[in-house]
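Visitor: sequence-free structure coming up:
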């Protein structure tokens, strides 16, 4: 997707319409955390952003002062809870990216994070409904399978829910899949496109390897599928109690934010990214949200792509993912109710 090692090329910065950029405020909630800091750094380089608004309960102003010295055209402001800081951070935001919450530690699943992160996401959604109800909301806070429904239900209670503008960020699963397949097949990752569907934890992550055009043995399928589903565990274990995937998640979050910005203010057509959104694909099974490739347009989600042709192996993976997803979504909904 990217022509250089930089997420946003100099050429893109030069070609972007300054009139669009002048109107585009992006807020990062949880900006001083392990994901928030590198995510904010990447967004500071994004030519689609004119105002980068950074919020956290502590240290947001320090992060803003640091990132604000970077010589790109966007201004940076830092906000903490004092003096209506959350209101200031959110007012007039076009995109809100939410990595706020506690990270995973060894032995923890994403669901173990639920009790803490659920209340954080609910409270941020309450504020968003009040101060920027028409923004595009990108949810990174885990467990995404539950926090997206929490955010949605909170917005519904306020009467401002727009399903076209709420995205669970599952881009990291696609980024990992591309990298892992490329390693096994000795390919350049930029040439490997892997569709990943379902949710964003464990068995709910379903890579559609049959659609890559690459041949795999059964052993390769098993190993790759497991690694894509549980790749986050590698990072948690390697960091040995100090955190979870932050840098790769920041990259994936910035990529998703850039795609939303390109489609909504940059005038780019045919922008496709994976995302966990309100979807009818498995509605009959009681699964209200599902991640597939979505096509983005000026108003947000323009088209939700189906699964396409999948193998018997993948059908079996889907059959395991759907009931687990249903439980995760119900858990999120019930938390708000």
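Guide: Now that the structure is in, tell me what you want to look at. Just so it is clear, the structure is predicted and the values come from calculations on it, not from any experiment.
Visitor: how much space between the most far-flung residue of the chain relative to its centre and residue 209?
Guide: The C-alpha centroid of the chain is most remote from residue 217, which lies 31.0 Å away (CA atoms, centre = their mean). Going from residue 217 to residue 209 by CB to CB, to the nearest Å gives 11 Å. In short, each C-beta sits where N, CA and C put it, glycine included.
Visitor: just the residues contacting stretch 151-162, thanks.
Guide: The contact list for stretch 151-162 (CB atoms under 8 Å, 6 or more residues apart in numbering) reads 98, 121-122, 124-126, 128-130, 133-134, 137, 139, 163, 166, 278, 289, 300, 332-333, 336-337.
Visitor: repeat that with 10 Å
Guide: 98, 121-130, 132-137, 139, 141, 163, 165-166, 168, 277-278, 288-289, 299-301, 329, 332-337 (CB atoms under 10 Å, 6 or more residues apart in numbering).
Visitor: tally of neighbours for the closest residue to residue 336 other than its chain neighbours?
Guide: Of all residues not flanking residue 336 in the chain, residue 153 sits nearest, at 3.8 Å (CB to CB, 6 or more residues apart in numbering). Neighbours of residue 153 under the rule other CB atoms under 10 Å: 18.
Visitor: shouldn't residue 153 be within a helix?
Guide: Yes - counting by DSSP: H, G, I helix; E, B strand; the rest coil, residue 153 is part of a helix.
Visitor: show me the domain layout of the chain.
Guide: Per automatic domain parsing, the structural domains of the chain span 10-170, 171-244+271-336.
Visitor: could you measure the residue nearest to residue 336 against residue 332, distance?
Guide: For residue 153, the distance to residue 332 equals 7 Å [CB to CB].
Visitor: just the pLDDT for residue 236.
Guide: Looking at residue 236, its pLDDT reads 88.
Visitor: for it, what are its contacts?
Guide: Here residue 236 is in contact with 103-108, 230, 242-245 (CB under 10 Å, 6+ apart).
Visitor: looking at those, which is nearest residue 46?
Guide: Distance to residue 46, by CB to CB, is smallest for residue 245 among the contacts of residue 236, at 21.0 Å.
Visitor: separation between residue 142 and residue 113?
Guide: Distance, residue 142 to residue 113, by CB to CB: 5 Å.
Visitor: longest helix in the protein, by residue count?
Guide: Taking DSSP state H as the criterion, the chain has its longest helix at helix 312-336.
Visitor: in it, which residues are buried?
Guide: Neighbour-count burial for helix 312-336, counted by 16 or more other CB atoms under 10 Å, picks out 314, 317-318, 321-322, 324-326, 328-329, 331-333, 335-336.
Visitor: identify the farthest-apart pair in those.
Guide: Greatest spatial distance in the buried residues of helix 312-336: 314 and 336, 32.3 Å, computed using CB to CB.
Visitor: quick one: stretch 284-304 to chain centroid distance?
Guide: 14 Å (CA atoms, centre = their mean, to the nearest Å).
Visitor: do stretch 177-192 as well
Guide: Centroid separation for stretch 177-192 versus its chain: 21 Å, with CA atoms, centre = their mean.
Visitor: swap in stretch 170-179?
Guide: 11 Å.
Visitor: lowest-confidence helix or strand of this structure?
Guide: Every helix and strand of the chain was ranked by mean pLDDT, DSSP states H and E. The lowest is helix 10-15, at a mean of 36.
Visitor: who touches both of residue 153 and residue 332?
Guide: residue 122.
Visitor: so for residue 142 and residue 113, which residue has more residues nearby?
Guide: Taking other CB under 10 Å, residue 142 and residue 113 do not tie; residue 142 has more neighbours (27 against 23).
Visitor: surely residue 106 is in contact with residue 241?
Guide: Yes - Residue 106 lies in contact with residue 241 (CB atoms under 10 Å); the separation is 5.8 Å.
Visitor: neighbour-wise, which of the two wins?
Guide: residue 106 (13 against 9).
Visitor: can you tell me the SS state at that one?
Guide: Per three-state DSSP, residue 106 ends up coil.
Visitor: list the contacts of it.
Guide: 233, 236-242, 244.
Visitor: who wins on neighbours among those residues?
Guide: residue 244 (23 neighbours).
Visitor: and that one, that one's in a helix?
Guide: No - using three-state DSSP, the assignment for residue 244 is coil, not a helix.
Visitor: separation between it and residue 255?
Guide: Per CB to CB, residue 244 is found 18 Å from residue 255.
Visitor: show me the shaky parts of the protein.
Guide: 1-22, 104, 108-111 (pLDDT under 70).
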